[in-house]
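Colleague: got a predicted structure here, sequence first:
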Amino acid sequence: MTAITPALVKEHGLSEDEYARILQLMNREPTLVELGIFSVMWSEHCSYKSTRVHLAKLPTKASWVIQGPGENAGVIDIGDGDACIFKMESHNHPSFIEPYQGAATGVGGIMRDVFTMGARPIAMMNALRFGEPSHPKTRHLVSGVVSGIGGYGNCMGVPTVGGEVNFHKSYNGNILVNAMCVGLAKANKIFLSAAKGAGNPVVYVGSKTGRDGIHGATMASAEFDDASEEKRPTVQVGDPFTEKLLLEACLELMATDAIIAIQDMGAAGLTSSSAEMGDKGGSGIELDLDKVPQREANMTAYEMMLSESQERMLAVLKPGREAEAERIFRKWELDFAVIGITTDTKRLVVKHKGRMEADMPITALSDEAPKYSRPYAEQPVAVGFENAPSLPKRDILKSLKQIMGSPDMCSRRWVWEQYDTSVMADTVQHPGGDAAVVRVHGTKKGLAITTDVTPRYCLANPFEGAKQAVAEAWRNITAVGARPLAVTDNLNYGNPQKPEIMAQIVRSIDGIGEACRALDFPVIGGNCSLYNETNGEGILPTPAIGGVGLMQDVARMATVAFRRVGDAVLLIGDTRGHLGQSIYLREIEGREEGAAPPVHLPSEKRNGDFVRKLIEGGRVTTVHDVSDGGLLVALAEMALAGDVGVDVGVAGTTVETVPFFFGEDQARYVVAASAEEIDKIEGELRTANIVHAIIGKTIASKVVRVEREGEIALSELRAAHEGWFPRFMSEELPLTN
Amino acid sequence: MKSAVIVFPASNCDRDAATALEQMTGKAAHMVWHQDSELPDVDLVVLPGGFSYGDYLRCGAMASQSAVMRAVRAHADKGGAVLGICNGFQVLTETHLLPGALMRNAGLKFVCRPVSLEVDETQSAFTRKYSKGEQVSFPVAHGEGNYYADDETLNRIEGEGRVVFRYAAGDNPNGSARNIAGILNEKRNVLGLMPHPERVVDPLLGGTDGRKMFESLIETLS
């Protein structure tokens, strides 16, 4: 037997204290297999040991929440017996090491999380963050990640309907790939992972187990250094073809009543799936690894338990139903094997070639896993540029063009045209709007989906920045006319053992909690990715929020496009000219400074509820929320989307032109409709005491015209907006900013 | 019109095709598994889009060897209508029911967007409700739709009026020879095309330009 030396313990990413705790829980020295199992189950990735204490503070309940955090994905009731199942998850570390496979298996993993609960995936989103464009790796990473996401999702036949792409130097050594999957199931046919009862067969389905991805979860729980390239073998290789078969086979099996519990083999593969199913079911699990379908010869128990080979599931069936299940998986040409049995011992027992390789209490892997209240030291929040600060006089139309053509604000067409956005024939709002909308198949209802976070706000002020991420997701869903229902959060940070990073985590979670409570927008699932650091440099705090909302009639959906000439353009919400951390300040003045915009949640709710009612009532169909880049950018996007010009002014406010048009004040929407309709709406806004202003009208001339400033042709703006991404990717742009 | 949709492992537009057919004909399509060696009694067989057999070997190559394709060939030989969309077109060229081949897109990337097409030929069961030269918009979604054939073949199919759809000038998404988007076989009962008519039968999904194809089929085959 392998001796467990301190060096071996350290290699497994376990601290001395943690190993002492293992000795205590086991009452003996662990075997190598047991040590490997502890290593992955106690990794940050699987145990959430630094964040569990804080995540417990998030609001997770509402009358429409069927399943909150703790399962493979969260579930909400969307009426008429239907349920929506969704979750977002990171695949950051693997995607940096091997972008195509890292991103592809990230997509595959999150899809399995959703279909393991009985849902057919109906839409994918992704939130991507790359290093600065001038970094020598950026182009390669963008290219690999985008084709990996497309390669997997397109083959699965699930539309990828939107997401975010941002560039910032803090991601030079740690890109973020957060993928979100939304699925549809019947509310009375949700499958959970609790392996209840003893004596039930444990079956393995899907692909064979190979030596890929061993220790992926441990790798994802450590910082990078210059030798990170050597970690490439820990990245899994995806096969969407097998996953598509697995999806269809699982849904076919789920149509029977043979399943007691089912769980995908994601991070930490066979180990985490069996331990979690046993833990949730309050049972034990005994595995015979001789029965595991193996891709390679002479695999050891250690390798099999830690492999992260993709496209595999573990299920517990009702006794006697094995043959029926096997028939379905054979039809789909997938492996099927009974590899174990549930017991009443609450122990995970692993046998291989007649040897006992592991025998451990399951609670040691779950409840007894370490949980840390790590020390945190709050940093002073950034201040400045709050209320219409005076900045150098510049041509604002030139500034607009520069911003519309900047890496963070330009069109992402180059990205989304590589994704199949219309397969499944239910995509009613494609990428490029405020939120994507997919129809609930066979009905008039639609699900609105968005992912949002503005990391620079979160660095300046983790609390307000996190509130803003939630508020923006809520606003984007509202702006298409849907009622926001729930979120999944994907929290990406640096090393939690640094008190200043831990403070970002704690304050972000506080901010998410406050906003979600105020907006009645519960958190039903999520994922944390920590240790996003390279050589001690961490990323911007990036709590990505994936939101889902419901609309009753997709025919009434709003889009950002101006639809006709002669409509009045109305701004709803208060414009104070907040330029701290704004795109304008960064792109035009070259300053990443100032306070994050404050989020006044009661105004968010009041303004958003008002706008949603207009859309639901069929009174307006052109709506855009005002966010990154401010009002003039929003107007330009609306003009470009509809190919209709617009003529606007400052509408008698006292705010100066630059802060008025480029400030990033929150809780604002632009709405366009006929002058008579806007007139009526204005009266209602006055009654409701909501700040607003008619700022202009749509015009026949295809320009963006600003009172006293001049005009710029839509063709010129479009060329700038559409130009940057393809030019950057085709290497026409030099690698300097 | 009675119709069937073939389901290969990793077909993924099978449901979309069935939904469009049901919407247009009022009748549910038969879903036929790739291992079935017989077809139900139908007028139209649809080979749907997707990634049959994971695109392994070559797109459509494995599917062309499946049991059901022998039955599809027999259906075509008897004059039955066959519509291959996207991966279905690839299967039809691999089966040699249609000439030429579909190579990797010239831009080397998957491309999904609406494209403008010109209806070049209305003398077919698939296009009689369109007018010649009519511009329509269908989405494409493929990585390997770059139509290739030798000049002699291209001249022949053009001369025989078998090029049914062409990408409008300047809107060729994949580098296809002579902007070819869809072609007929010699007997004019088999059509393969890369763009997706079944995704444009519902006004909420960005257009209804695909409806006339189904209306043409219904008129011809009912």
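Modeller: Thanks, I have the structure now. Numbers count the residues shown, from 1 in each chain, chains lettered A, B, ... in the order given.
Colleague: please make it C-alpha for all contacts and neighbour counts, starting now.
Modeller: Will do.
Colleague: ok, residue B:176 to chain A distance?
Modeller: Look at residue B:176 and chain A: by Cα to the nearest Cα, to the nearest Å, they are 18 Å apart.
Colleague: doesn't residue B:154 make contact with that residue?
Modeller: No: Residue B:176 lies out of contact with residue B:154 (Cα atoms under 8 Å); the separation is 11.4 Å.
Colleague: neighbour-wise, which of those two wins?
Modeller: Legend: neighbour count by other Cα atoms under 10 Å in any protein chain shown for residue B:176 and residue B:154, higher for residue B:176 (22 against 19).
Colleague: quick one, what contacts the more buried one?
Modeller: By Cα atoms under 8 Å, 6 or more residues apart in numbering or on different chains, residue B:176 lies in contact with B:145, B:146, B:147, B:148.
Colleague: most neighbours, which of those residues?
Modeller: In those, the most neighbours by other Cα under 10 Å go to residue B:145, 30 neighbours.
Colleague: do you know the pLDDT at it?
Modeller: What the model reports for residue B:145 is a pLDDT of 98.
Colleague: need the residues that contact stretch A:192-202.
Modeller: A:71-72, A:117, A:260-263, A:276-284, A:314-319, A:322, A:338-344.
Colleague: pLDDT wise, what is residue A:1 at?
Modeller: So residue A:1 comes in at 65 (pLDDT).
Colleague: same thing with residue A:109?
Modeller: Residue A:109 is given a pLDDT of 95.
Colleague: nearest residue to it in space, please, no chain neighbours.
Modeller: residue A:266 (6.2 Å; Cα to Cα, 6 or more residues apart in numbering or on different chains).
Colleague: give me every residue that touches the one you found.
Modeller: A:109, A:272, A:273, A:308, A:310.
Colleague: give me the distance between it and residue A:38.
Modeller: 16 Å (Cα to Cα, to the nearest Å).
Colleague: what do you get for residue A:577?
Modeller: 53 Å.
Colleague: show me where pLDDT drops low in chain A?
Modeller: A:1, A:216-221, A:226-234, A:732-737 (pLDDT under 70).
Colleague: what sits against the residue positioned nearest the centre of it?
Modeller: The centroid of chain A falls nearest to residue A:88 when counting by Cα atoms, centre = their mean (4.0 Å). Shown in contact with residue A:88 (Cα under 8 Å, 6+ apart): A:110, A:178, A:179, A:180, A:181, A:488, A:489, A:490, A:525, A:526, A:527, A:546.
Colleague: all helices for chain B, in order.
Modeller: Listed in chain order, the helices of chain B (DSSP state H) span B:14-25, B:61-64, B:67-77, B:87-94, B:151-159, B:211-221.
Colleague: does chain A sit close to the fourth one?
Modeller: Going back to what we said before, that points to helix B:87-94. No: residues of helix B:87-94 are not located near chain A by Cα under 8 Å from any Cα of the partner chain, the shortest gap being 11.1 Å.
Colleague: tell me which of the helices of chain B lies nearest to residue B:183.
Modeller: Residue B:183 lies closest to helix B:151-159 among the helices of chain B, at 8.0 Å (Cα to Cα).
Colleague: and that closest one, what's buried?
Modeller: B:154, B:157, B:158 (16 or more other Cα atoms under 10 Å in any protein chain shown).
Colleague: and the gap between the second one and residue B:187?
Modeller: Relative to residue B:187, residue B:157 is positioned 12 Å away (criterion: Cα to Cα).
Colleague: so which bits of chain B are right by chain A?
Modeller: Checking chain B against chain A by Cα under 8 Å from any Cα, the hits are B:9-10, B:12-13, B:15-16, B:50-51, B:53-54, B:109-113, B:141, B:199, B:204-206.
Colleague: show me those that map onto strands.
Modeller: B:111, B:112, B:113, B:141 (DSSP state E).
Colleague: and the first one, bridged to which residues?
Modeller: Counting by DSSP bridges, residue B:111 forms beta bridges with residue B:142.
Colleague: check the gap between it and residue A:353 for me.
Modeller: 50 Å.
Colleague: who has more neighbours out of the two?
Modeller: Just comparing residue B:111 and residue A:353: by other Cα under 10 Å the higher neighbour count belongs to residue B:111, 25 against 11.
Colleague: touching, the more buried one and residue B:173? I think so.
Modeller: Yes: using Cα under 8 Å, residue B:111 is in contact with residue B:173, at 7.2 Å.
Colleague: from the contacts of residue B:176, pick the one nearest chain A.
Modeller: Distances from chain A to the contacts of residue B:176, taken as Cα to the nearest Cα, are shortest for residue B:145 (13.8 Å).
Colleague: unless I'm mixing things up, that closest one is touching residue B:108, no?
Modeller: No: judged on Cα under 8 Å, residue B:145 makes no contact with residue B:108 at a distance of 10.5 Å.
Colleague: run the chain-centre distance for the host helix or strand of residue A:304.
Modeller: Assigned by DSSP states H and E, residue A:304 belongs to helix A:301-306. Relative to the centre of its chain, helix A:301-306 is centred 30 Å away, using Cα atoms, centre = their mean, to the nearest Å.
Colleague: picking that back up, show me what the residue nearest to the centre of chain A bridges to in the sheet.
Modeller: Bridge pairing for residue A:88 - DSSP bridges - gives residue A:180.
Colleague: quick check: it vs chain B, distance?
Modeller: Relative to chain B, and taking Cα to the nearest Cα, residue A:88 is found at 23 Å.
Colleague: with residue A:268 instead?
Modeller: Residue A:268 is 26 Å from chain B, where distance means Cα to the nearest Cα.
Colleague: and the residue nearest to residue A:201 when sequence neighbours are not counted, what helix or strand is that in?
Modeller: Ranked by Cα to Cα, 6+ apart and with sequence neighbours excluded, the top spatial neighbour of residue A:201 is residue A:341, at 4.6 Å. Element membership for residue A:341, per DSSP H and E: strand A:335-343.
Colleague: ok, that strand: who's next to it in the sheet?
Modeller: As assigned by DSSP bridges, strand A:335-343 forms pairs with strand A:201-206 (antiparallel), strand A:284-288 (antiparallel).
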